[in-house]
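> Any chance you could fold what I've pasted below:
(4 chains)
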Protein chains: 4
Amino acid sequence: MIRVALAGPRGRMGSEAVHTLMKNSSIDLVAVLDYKEIGKVLSETSIFPANYEIPVYNKIEELLQIEKPDVFLDLTTPESVYDHAEHCLTKQVKVVIGTTGMSEKQSSSLQKLSDENQTACIIAPNFALGAIMMMKFAKMAAAYFPDVEIIELHHDQKLDAPSGTATKTASLISEVRKPHQQGHPEEKEVLQGARGASYQGIPIHSVRLPGFTAHQKVIFGDTGQLLTIQHDSMSRQSFMSGIVFAIEKVMQTNDYIVGLENLLTEEGDLR
Amino acid sequence: MIRVALAGPRGRMGSEAVHTLMKNSSIDLVAVLDYKEIGKVLSETSIFPANYEIPVYNKIEELLQIEKPDVFLDLTTPESVYDHAEHCLTKQVKVVIGTTGMSEKQSSSLQKLSDENQTACIIAPNFALGAIMMMKFAKMAAAYFPDVEIIELHHDQKLDAPSGTATKTASLISEVRKPHQQGHPEEKEVLQGARGASYQGIPIHSVRLPGFTAHQKVIFGDTGQLLTIQHDSMSRQSFMSGIVFAIEKVMQTNDYIVGLENLLTEEGDLR
Amino acid sequence: MIRVALAGPRGRMGSEAVHTLMKNSSIDLVAVLDYKEIGKVLSETSIFPANYEIPVYNKIEELLQIEKPDVFLDLTTPESVYDHAEHCLTKQVKVVIGTTGMSEKQSSSLQKLSDENQTACIIAPNFALGAIMMMKFAKMAAAYFPDVEIIELHHDQKLDAPSGTATKTASLISEVRKPHQQGHPEEKEVLQGARGASYQGIPIHSVRLPGFTAHQKVIFGDTGQLLTIQHDSMSRQSFMSGIVFAIEKVMQTNDYIVGLENLLTEEGDLR
Amino acid sequence: MIRVALAGPRGRMGSEAVHTLMKNSSIDLVAVLDYKEIGKVLSETSIFPANYEIPVYNKIEELLQIEKPDVFLDLTTPESVYDHAEHCLTKQVKVVIGTTGMSEKQSSSLQKLSDENQTACIIAPNFALGAIMMMKFAKMAAAYFPDVEIIELHHDQKLDAPSGTATKTASLISEVRKPHQQGHPEEKEVLQGARGASYQGIPIHSVRLPGFTAHQKVIFGDTGQLLTIQHDSMSRQSFMSGIVFAIEKVMQTNDYIVGLENLLTEEGDLR
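Numbers count the residues shown, from 1 in each chain, chains lettered A, B, ... in the order given. You can find the predicted model right below:
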């Protein structure tokens, strides 16, 4: 059993993570860290069932000293994340951080701490394994099929187009694909915008309709064939398998790793 | 057996139509009309097999008088179509015309001829039944689900975007859908063109990649659900079922009808 | 404003319907009927917000007499539905019933009541407009493209395969499609079950995976082309547009109508 | 320029390969090998255009001695393939073989020849790069998402179900995925076959309709998300990019390699 402590149990992601870890038979949720006085155990918080008798701490020092977790899972804000990680790494407690927005300076000094203490630290800006695989496969495919377009489909309350995932996918693709002129050199838009946005020459099309959540198709075209990689994300639940994956992985390494995609590669080699 | 005469047997569409009619057990291809001297029977033309002993005529008068077809299927050019139809209708021979580009004047005088002679004349600018149904269903759905976007995907040798079918679909939809603001009022394009082209407020996205032929998806979004109507056309073969359909239909009516969609409606009512 | 009274406000569907009607600007939710003493107004029930001051009745006679609704929307159980409808129709109050499982006898005597009182009664076993349209379009398409297969995809907690919607779709299709042998006469399953289940000769394939909710694709194949009609249902929310649709429709008729598909046809004709 | 000699220029695959190599600017088709006397140059064969003045040989010894190709591309039958490869490898001419059905014994002695002469030999039973990537990605994804189903769709003239690609994909997946019970333990088929065929517990669904060519979807389900990898093959053209890829690759190695997927991995590592 992996002994895990979780910071931020009441947040949107945090509360779902609590349920996920409680259900997981190979993980033991030994404690949670909350900056607020919410009671001695989680079950005292209305949002959790009566049998969740997980001790709640307000001070990380106490938590680490008393509960001695193998892994500290941090789902709080960039403000507190760095301080938490510093405490853990100096005490050789492995860390999984699910947040974005740490500064370059913070990131590099965490790496230093991780190296000095030979203690693993995984930074995961995105826990959606499916989206990460979609991007990884798209990058691999682009090396052989340079003609590609991206269609991303989201609910109609989303403000920005294209989505961050779409532009990230396009930028990963443009790292590997052979430079070339895509589509017909003389193609023209009878209606402006028909051919979508262009990122490094890769067309991106953004659909916005009620009924969608967060979806993306990456379509590669070659003479006589098509290869399509699609990810559909229906809810925040889609992050849970990535959280468990990161916890299992952090137990197998002492390194400082940014992005679950790098753990995927590793995994890939094993097989 | 329906006795059919075909004009334009050597054209791209014509030659495939010849094969289709020869294979059809309820249709008897009794003659073809060709402006060129290509021999006494089709089999003398290298592009047809030896057993295609269909008499070839260069004069429509002769053809009609000698072969007495039930239906005259015209797959030639706008130039000759009108003259052929005139001959047929005055002799009470039903006509199916598979061409675009007749003038308003020609069209209305053909209608007059059809009425006077109580002889059916079907004008079919598009024989692709699947595309016609897609448009019909899209128009029906738009009455209940006003939020809709169109994605059309074609080979990368196509010059214009969006496709004619996409804009026609959008214009049919805008005839019935309740006027309304689609998407988020404050949505913005971080990359220009991401949200596609807009036809009457309906976004259209055009994908161009090798491997595609001619495809279209019409996606309707509603709270908690999506309805998608998709047509994939792989080859000119997709017109053949529409040609047979038109021939069967023209036998059941004496009217002047433009567009197979109107025959579909009829059919729809029967059921 | 259409004055609507709702029976069964605390049920899964009922509670969502309450929210939907409260938000709708052309509908006025004037009262709810509940067999339990849950307070004078809905807001007294914990599951509804404080501003939902909708009077709660336990007796339908009182509700009808005092609130005089235009439409009585019944989302309760088959046990109580008949009795409610009887009261409404005799008092010329239009009825929309969202339930299955009334007996033939009850159904026919409700029709009699509806006729005698010239008061509309709509029975809607299924409020998912998208699914209803999918079935309607599939039936229409089958008249022209007799080769069809159905793929339905659901979450992996669903016990039965295929889904009720899939078999209903297949039975609707088999009402209209020309009888014929589908697939290759000598095709054989190297692995048993590969070609799916067969309903009236129509193959049905059932996919069960986490991540899916309730989805169906009806694929029609013809030489050189494909026509696909797909419905994706993500949540119970997908019933709400059908409930509003039924309320609007019941105001325009005095008939007894079973199944929203019949209202669609009507609608279709108007356009 | 890579100097390529091709064996089997008149076969279905061979004739398309000739066109592909002629068009490719980094490849020089220096000769073809044909067991038949078809003329001094390809252009004398009716199936090729007048400007295809590629010398035709009937004896491989002559061809190798006079034309000194860098790569010998063999698209003939298993009968002749081995003999050709033996000649090439002993003369240090790299070989690409696009055929299946060599015996274990032949295969291992070719490997021996390749090693002794330090000359590359690539055996490619399948040139469809898209299908190969689909299988590779599916295998990678299965390590993280063990719940998976396969849908393969082919034209209705195909006799066997499921397709060879589908079963191969399933067997690759079962090499890596964690063993587990898929779907609901108590799920039952109301109609037999609904849940498809089962290969190592992976459901496979086979659709057969006119309009399809050769298509496959591999769908991975996880809580709240789906990952889909799809390949659509429209024509034999889909093999051409794989042929060029193999020729480029064989120039960069001296090894004996079976299956383009192994070259992909290599490629993958480079990036």
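> Can you show me the helices along the stretch 51-200 of chain A?
A:60-67, A:78-90, A:104-116, A:129-142, A:164-176 (DSSP state H, counting those that start in this stretch).
> Select, out of those, the one closest to chain B.
Comparing those against chain B with C-beta to the nearest C-beta, the closest turns out to be helix A:164-176 (7.3 Å). Placement of C-beta: from N, CA and C, glycine included.
> name the helices or strands packed onto that closest one?
With contacts taken as 3 or more C-beta pairs under 8 Å, 6 or more residues apart in numbering or on different chains; DSSP states H and E, helix A:164-176 sits against helix A:129-142, strand A:147-154, strand A:197-199, strand A:202-208, strand A:214-222.
> Export these as CSV, with columns for distance to D:Gln92 and mean pLDDT.
Output for the helices and strands packed on helix A:164-176, formatted as CSV (distance: least, C-beta to C-beta, whole Å; pLDDT from 0 to 100):
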stretch, distance to D:Gln92, mean pLDDT
helix A:129-142, 32, 96
strand A:147-154, 36, 98
strand A:197-199, 46, 96
strand A:202-208, 42, 97
strand A:214-222, 32, 97
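> Adding distance to A:Thr90, write those out as a markdown table.
Conversion of the helices and strands packed on helix A:164-176 to a markdown table gives the following (distance: least, C-beta to C-beta, whole Å):
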| stretch | distance to A:Thr90 |
| --- | --- |
| helix A:129-142 | 30 |
| strand A:147-154 | 42 |
| strand A:197-199 | 42 |
| strand A:202-208 | 44 |
| strand A:214-222 | 38 |
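> Using a markdown table, lay out the ones you listed together with mean neighbour count.
Formatted as a markdown table, the helices and strands packed on helix A:164-176 follow (neighbours: other C-beta atoms under 10 Å in any protein chain shown):
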| stretch | mean neighbour count |
| --- | --- |
| helix A:129-142 | 25 |
| strand A:147-154 | 24 |
| strand A:197-199 | 20 |
| strand A:202-208 | 26 |
| strand A:214-222 | 24 |
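> Rebuild these as TSV, extending it with distance to chain C.
Below are the helices and strands packed on helix A:164-176 laid out as TSV (distance: least, C-beta to the nearest C-beta, whole Å):
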stretch	distance to chain C
helix A:129-142	9
strand A:147-154	11
strand A:197-199	25
strand A:202-208	13
strand A:214-222	10
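> Nearest to C:Cys88, out of the ones you listed?
Among the helices and strands packed on helix A:164-176, strand A:202-208 comes nearest to C:Cys88, with 41.2 Å by C-beta to C-beta.
> by contact count, what packs against that closest one?
For strand A:202-208, the packing partners by 3+ C-beta pairs under 8 Å, 6+ apart come out as strand A:147-154, helix A:164-176, strand A:197-199, strand B:147-154, strand B:202-208.
> again, only this time at 10 Å
Judged by 3 or more C-beta pairs under 10 Å, 6 or more residues apart in numbering or on different chains; DSSP states H and E, strand A:202-208 is in contact with strand A:147-154, strand A:160-161, helix A:164-176, strand A:197-199, strand A:214-222, strand B:147-154, strand B:202-208, strand B:214-222.
> Indicate which one of those is closest to D:Gly242.
strand A:214-222 (9.4 Å).
> Tell me if the closest one is near chain D.
Yes: under the criterion of C-beta under 10 Å from any C-beta of the partner chain, strand A:214-222 makes contact with chain D via A:Ala214, A:His215, A:Lys217, A:Ile219, A:Phe220, A:Gly221, A:Asp222.
> Not counting sequence-adjacent ones, nearest residue to the residue lying farthest from the centre of chain A?
In chain A, counting by C-alpha atoms, centre = their mean, A:Glu186 sits farthest out from the average C-alpha position, at 40.5 Å. Excluding its sequence neighbours, the residue lying closest to A:Glu186 (C-beta to C-beta, 6 or more residues apart in numbering or on different chains) is B:Leu159, at 6.0 Å.
> Hmm, that neighbour is touching B:Ser206, no?
No: using C-beta atoms under 10 Å, B:Leu159 is not in contact with B:Ser206, being 11.2 Å away.
> Need the residues touching each of those two.
Counting by C-beta atoms under 10 Å, 6 or more residues apart in numbering or on different chains, the shared contacts of B:Leu159 and B:Ser206 are A:Gly183, A:Glu187, A:Val190.
> who wins for neighbours among the residues you listed?
A:Gly183 (22 neighbours; other C-beta atoms under 10 Å in any protein chain shown).
> Run through the residues that contact it.
A:147, A:149, A:195, A:201, A:203, A:221, B:156-159, B:161, B:206-210.
> From chain B, how far out is the residue minimising distance to the centre of chain A?
Nearest to the geometric centre of chain A sits A:Asn126, at 1.5 Å (C-alpha atoms, centre = their mean). Distance, A:Asn126 to chain B, by C-beta to the nearest C-beta, to the nearest Å: 19 Å.
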